[in-house]
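Chemist: any chance you could fold what I've pasted below:
(chains A, B, C and D)
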Protein chains: 2
Amino acid sequence: MIEAHQEQALHAASQTKQRILDAAERLFSQHGFAATSLRRITSEAQVNLAAVNYHFRSKEELIQAVVLRKLDPINRRRLEILDQLETGGVEPTIEELLHAFFGPIFEARRAGVQVCEFPKLLARAHTEPGDLMTRLLPAAFSEILARFGPAFRRALKVDQLELMWGMHLAIGSMAHLLSGGAVLAFLSGGEADANDYDGALRRLIRYTASGLRALAEKENVAG
Amino acid sequence: MIEAHQEQALHAASQTKQRILDAAERLFSQHGFAATSLRRITSEAQVNLAAVNYHFRSKEELIQAVVLRKLDPINRRRLEILDQLETGGVEPTIEELLHAFFGPIFEARRAGVQVCEFPKLLARAHTEPGDLMTRLLPAAFSEILARFGPAFRRALKVDQLELMWGMHLAIGSMAHLLSGGAVLAFLSGGEADANDYDGALRRLIRYTASGLRALAEKENVAG
DNA sequence: GCTTGATTCAAACGGTCGTATGATTGAAAC
DNA sequence: GTTTCAATCATACGACCGTTTGAATCAAGC
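Modeler: Here you go, the predicted structure:
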């Protein structure tokens, strides 16, 4: 067993760390990574400024921690649903696979307090400048890709390259959908509600399934 | 006629303005708006720092100028192609409408020197924090929406609300596609080339047309 | 040649940034 | 009670931020 005073220290640390992560998540979601200062974060978290560089080593690593903290349970949920789909013996449909892939993100807003803003965070992570995603993608997405890739390829009967173009387009739709909906509000004159997550997920799956099938068809016809 | 020294002045101004806009466009595209400083811009443009606040009133307005400078000719090209489609007497297909809508953005990289980075700029404009898009959308997109909206509704036989969800998803795919392709490179293990604009546009149109049709079908079946 | 007025310039403004430092705290270990 | 050490703290560092200022520049008007 590790020394007790270390355990105590870790407990105290986790309180401060948690507060920082929570505040950072909210602020990053609302204003983006570059536009959110550590002072603003520590101020809202009611912790000392130096705590960020103590618990995380830099702002950069704080960003990664914030993103991964949210992404990790979502990815586990994705794999869990995929596992269920694949134990049935019958091949999952594209719609089922997309539900396993997109669903957990839309579910997650109900999973806890004050996570309503976090979809924007993921949306930002996909679009923010810098090498953030380049560094984050392997850690955050490799397993997902390894499991969902073959499943989609079987369901669509499409080759790897064409599928990846499709996934790329699908992720773009998802990120934009989650990014808050200034565009959607403008397009619809305020009629469409970007916070209608059920409607958004339903449409995203239907739209994406059809789009992926179209890419697969083309592949099959042309190739 | 305006006074000659004003004309001369305007000409000199346009040189500096142009250099600022060019440098800003490139840097904004690469690093985002918040992460790009005016000092970096004026340094690369080889103009004085104060020139930005002289010719544009603030960094904020510089951003708007950079975006609108690129968006404007693209929107005019969009409407030009749409006009051609609609003079034929036959209703344009969804694919033709999407080509009119997406095509000019993909064309534009060939239209001049060093515009290769600008798609990333538009991608950023769609996703950057702040009220940028909220302020920019009406000026940049109202006419496009007024012309393309009815055309899509006729082609798809879909109601306004469902179409706007579809356009929202489509714009997300487009923005992600144009944003540089770190995700695509990762997904495909480097095999897919995000700079293959022809392939990207072809897939985007096929994918989007199918997705929009699916939303329209649902609408017709359910409603 | 002097005036005019738009543009350019160096310099500085007050502020905020991410990070580092060294003292202080406080609970466990002995 | 002293030692130990993770954690917290106030504070400061140097750098960079967007913006402002007032003088210098320079071509055109008279």
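Chemist: chain neighbours aside, what residue packs nearest to A:Leu68?
Modeler: A:Ala140 (6.3 Å; C-beta to C-beta, 6 or more residues apart in numbering or on different chains). For every residue, glycine as well, the C-beta is placed using N, CA and C.
Chemist: is the helix or strand encompassing that neighbour in proximity to DNA strand C?
Modeler: Element membership for A:Ala140, per DSSP states H and E: helix A:132-156. No - using C-beta under 7 Å from any atom of the strand, helix A:132-156 stays clear of DNA strand C, with a minimum separation of 13.9 Å.
Chemist: over to stretch A:21-40?
Modeler: Yes - Stretch A:21-40 reaches DNA strand C (C-beta under 7 Å from any atom of the strand) through A:Thr36, A:Ser37, A:Leu38, A:Arg39, A:Arg40.
Chemist: in the host helix or strand of A:Pro73, which residues are buried?
Modeler: A:Pro73 is part of helix A:59-87 when elements are defined by DSSP H and E. Going by neighbour count (16 or more other C-beta atoms under 10 Å in any protein chain shown), the buried part of helix A:59-87 is A:59, A:62-67, A:69-71, A:74-75, A:77-79, A:81-82, A:85.
Chemist: which is the next helix or strand following that helix?
Modeler: Counting by DSSP H and E, what follows helix A:59-87 is helix A:94-107.
Chemist: helices or strands up against that next one?
Modeler: helix A:59-87, helix A:118-127, helix A:132-156, helix A:160-178, helix A:197-222 (3 or more C-beta pairs under 8 Å, 6 or more residues apart in numbering or on different chains; DSSP states H and E).
Chemist: let's have these in a markdown table, adding mean pLDDT.
Modeler: Formatted as a markdown table, the helices and strands packed on helix A:94-107 follow (pLDDT from 0 to 100):
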| stretch | mean pLDDT |
| --- | --- |
| helix A:59-87 | 93 |
| helix A:118-127 | 63 |
| helix A:132-156 | 90 |
| helix A:160-178 | 92 |
| helix A:197-222 | 89 |
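Chemist: among those, which is nearest B:Leu204?
Modeler: helix A:160-178 (6.6 Å; C-beta to C-beta).
Chemist: could you check the angle helix A:132-156 makes with the closest one?
Modeler: If you take axes from the mean of the first three to the mean of the last three C-alpha atoms, to 10 degrees, helix A:160-178 sits at 120 degrees to helix A:132-156.
Chemist: and helix A:160-178 with chain B, contact?
Modeler: Yes - remark: helix A:160-178 sits within contact range of chain B at A:160-162, A:164-177, by C-beta under 8 Å from any C-beta of the partner chain.
Chemist: which of those are buried?
Modeler: The buried subset of the residues of helix A:160-178 next to chain B - by 16+ other C-beta under 10 Å - is A:162, A:164-177.
Chemist: what about the one helix or strand A:Arg40 maps to, average pLDDT?
Modeler: In this assignment (DSSP H and E), A:Arg40 forms part of helix A:38-45. Mean pLDDT, helix A:38-45: 96.
Chemist: just checking, what packs against that helix?
Modeler: Under the contact rule (3+ C-beta pairs under 8 Å, 6+ apart), helix A:38-45 is packed against helix A:4-31, helix A:50-55, helix A:59-87.
Chemist: and chain A, what are its domain boundaries?
Modeler: Following automatic domain parsing, chain A resolves into domains at A:1-57, A:70-222.
Chemist: how about A:Ala100, nearest residue that isn't a chain neighbour?
Modeler: A:Ala100 sits nearest to A:Ile81 (C-beta to C-beta, 6+ apart), 3.9 Å away.
Chemist: ok, now how distant is the one you found from A:Val67?
Modeler: 21 Å (C-beta to C-beta, to the nearest Å).
Chemist: cool, and A:Pro73?
Modeler: For A:Pro73, the distance to A:Val67 - C-beta to C-beta - is 12 Å.
Chemist: picking that back up, tell me which two of the residues of stretch A:21-40 next to DNA strand C sit farthest apart.
Modeler: Pairwise over the residues of stretch A:21-40 next to DNA strand C, using C-beta to C-beta, the maximum falls at A:Thr36 and A:Arg39, 9.6 Å.
Chemist: touching chain B at all, stretch A:24-36?
Modeler: Yes - interface with chain B: stretch A:24-36 contributes A:Gln30, A:His31, A:Gly32, A:Ala34, A:Ala35 (C-beta under 8 Å from any C-beta).
Chemist: make CSV out of those and add neighbour count and distance to A:Arg206.
Modeler: CSV is the format used below for these (neighbours: other C-beta atoms under 10 Å in any protein chain shown; distance: C-beta to C-beta, whole Å):
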residue, neighbour count, distance to A:Arg206
A:Gln30, 16, 30
A:His31, 17, 32
A:Gly32, 23, 30
A:Ala34, 20, 35
A:Ala35, 17, 35
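Chemist: farthest pair within the residues you listed?
Modeler: Farthest pair in the residues of stretch A:24-36 next to chain B, by C-beta to C-beta: A:Gln30 and A:Ala34, 12.9 Å.
Chemist: ok so, going back, which stretch among the helices and strands packed on helix A:94-107 comes nearest B:Leu98?
Modeler: Here helix A:197-222 is closest among the helices and strands packed on helix A:94-107 (C-beta to C-beta), at 11.9 Å.
Chemist: and that closest one, what other elements does it pack with?
Modeler: Helix A:197-222 packs on helix A:94-107, helix A:132-156, helix A:160-178, helix B:160-178, helix B:197-222, going by 3+ C-beta pairs under 8 Å, 6+ apart.
Chemist: nearest to A:Leu212, out of the ones you listed?
Modeler: Comparing these by C-beta to C-beta, helix A:160-178 comes nearest, at 4.5 Å.
Chemist: run the angle between that closest one and helix A:197-222 for me.
Modeler: Going by the same axes, to 10 degrees, helix A:160-178 makes 160 degrees with helix A:197-222.
Chemist: wait, A:Lys59 sits on A:Leu38?
Modeler: Yes - using C-beta atoms under 8 Å, A:Lys59 is in contact with A:Leu38, at 5.8 Å.
Chemist: which neighbours do these two have in common?
Modeler: Common contacts of A:Lys59 and A:Leu38 (C-beta atoms under 8 Å, 6 or more residues apart in numbering or on different chains): A:Val52.
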